[in-house]
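Visitor: The sequence isn't on hand, but the structure is:
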């Protein structure tokens, strides 16, 4: 995919670059690279405006990526935007778009703590995960099935949860060469039956399949299933989930796990705060810091895009994000601050 992006960029094929940017945003989300997924999605939306329009399914994918990133990071303003985007998508005539909108709306409602509303947003006659074979044209990731089961269980509808678990199992059995489907089935089953060992097995499979956020979620769910039976194992898996969430930048989940650890008597001295975007240099992600350093080295957006193998629109998104986090408004200020910081670090070392 990186090669296709490079070729589209080199040949000036804006429509191809847009398509690959949309796809890459989803791949980055699955890989747990939240900041990069957000920047790629925002850049692609900006690109679509420059192109004067795009496919509704592609745009919906971008809004979905941005919404899910907001849910993982705890960005309340972005979550509210996602809820509005989801409502708009649900009214779309294209079934794939309306389904994706319903799923995003349900996930948003669950994030807000309203499990019953989340389940109501998913009509009983609409099965979100009704394909046995994994197909690229299906926008909703079959790995989301455990989340569907979780929503149903929290709303008290065990029957719908069991139906989803059965569908997940059938899909895994029909596709033995896709281990991540077996991971989704094991996670869904473990949630339904509170089977910690099944959930832990799914976490291993998710991690091996390059899905760290799914692995972190499974690890946390395993800790929940173990609560009351083994404090040592519960704490061990909560700490492991916390490390995984922190690595992905999933601040919302990380704060939740920290609260659980505090209740378990761990991390008593660590303050628990409402998740939010940090400010200053600590508020920049590793990829944003790379972009800032390249800007300070007087590289153009195109040169940075070539170096990082992203679109120029994504680079501009990273730069604008750095402006907001650092409280500045120009590239000259960014260069000055980065130069001063690098000089101070050199003196300190």
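Guide: Thanks, I have the structure now. As the structure is a computational prediction, the values presented were derived from the model and not from experiment.
Visitor: Residue ranges in the stretch 201-349 of the chain under the pLDDT threshold?
Guide: 266-279, 343-349 (pLDDT under 70).
Visitor: all strands for the chain, in order.
Guide: With DSSP state E as the definition, the chain shows no strands.
Visitor: wait, what's in contact with residue 307?
Guide: Counting by Cβ atoms under 8 Å, 6 or more residues apart in numbering, residue 307 touches 294, 299. Where C-beta positions appear, they are placed from N, C-alpha and C, glycine not excepted.
Visitor: Roughly how far does it sit from residue 291?
Guide: For residue 307, the distance to residue 291 equals 9 Å [Cβ to Cβ, to the nearest Å].
Visitor: try residue 145
Guide: Computed as Cβ to Cβ, the residue 145 to residue 291 distance reads 35 Å.
Visitor: So for the two, which sits in the more crowded spot?
Guide: Neighbour comparison, residue 145 and residue 291: the larger count goes to residue 291, with 29 against 25 (by other Cβ atoms under 10 Å).
Visitor: ok, now which ones touch the more buried one?
Guide: 304, 308, 315, 318, 319, 322.
Visitor: Who wins on neighbours among the residues you listed?
Guide: Neighbour tally across the contacts of residue 291 (other Cβ under 10 Å): the maximum, 30 neighbours, falls on residue 318.
Visitor: how much space between the nearest residue to that one once chain neighbours are set aside and residue 322?
Guide: Distance criterion Cβ to Cβ, 6 or more residues apart in numbering; nearest residue to residue 318, sequence neighbours excluded, is residue 291 at 4.2 Å. Per Cβ to Cβ, residue 291 is found 7 Å from residue 322.
Visitor: ditto for residue 184
Guide: For residue 184, the distance to residue 322 equals 36 Å [Cβ to Cβ].
Visitor: got any ranges where the stretch 1-150 of the chain has weak pLDDT?
Guide: Applying pLDDT under 70 to the stretch 1-150 of the chain picks out residues 1-14, 51-55, 123-140, 142.
Visitor: could you pull out the helices for it?
Guide: Per DSSP state H, counting those that start in this stretch, the stretch 1-150 of the chain carries helices over the ranges 2-10, 14-30, 34-51, 56-73, 76-90, 95-111, 115-120, 145-154.
Visitor: Residue 337: which of the ones you listed is closest?
Guide: Closest to residue 337 of the helices of the stretch 1-150 of the chain, according to Cβ to Cβ: helix 34-51, at 19.3 Å.
Visitor: Report all helices and strands that that closest one contacts.
Guide: helix 14-30, helix 56-73, helix 286-296, helix 312-326 (3 or more Cβ pairs under 8 Å, 6 or more residues apart in numbering; DSSP states H and E).
Visitor: just to revisit the earlier point, quick check: of the contacts of residue 291, which lies closest to residue 70?
Guide: For the contacts of residue 291, the nearest to residue 70 is residue 318 (17.3 Å; Cβ to Cβ).
Visitor: quick one: contacts for the closest one?
Guide: Residue 318 sits next to 39, 287, 288, 291 when contact means Cβ under 8 Å, 6+ apart.
Visitor: what's the answer for residue 40, then?
Guide: Contacts were defined as Cβ under 8 Å, 6+ apart; by that measure residue 40 touches 21, 24, 25, 28, 65, 310, 311, 314.
Visitor: Including neighbour count and distance to residue 49, could these go into JSON lines?
Guide: JSON lines is the format used below for the contacts of residue 40 (neighbours: other Cβ atoms under 10 Å; distance: Cβ to Cβ, whole Å):
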{"residue": "21", "neighbour count": "26", "distance to residue 49": "13"}
{"residue": "24", "neighbour count": "25", "distance to residue 49": "18"}
{"residue": "25", "neighbour count": "28", "distance to residue 49": "16"}
{"residue": "28", "neighbour count": "22", "distance to residue 49": "21"}
{"residue": "65", "neighbour count": "28", "distance to residue 49": "17"}
{"residue": "310", "neighbour count": "25", "distance to residue 49": "18"}
{"residue": "311", "neighbour count": "27", "distance to residue 49": "13"}
{"residue": "314", "neighbour count": "30", "distance to residue 49": "14"}
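Visitor: quick one: which of the helices of the stretch 1-150 of the chain is nearest residue 180?
Guide: Comparing the helices of the stretch 1-150 of the chain under Cβ to Cβ, the one sitting nearest is helix 14-30, at 9.5 Å.
Visitor: quick one: the closest one to helix 286-296, angle?
Guide: Orientation check (axes from the mean of the first three to the mean of the last three Cα atoms, to 10 degrees): helix 14-30 against helix 286-296 gives 140 degrees.
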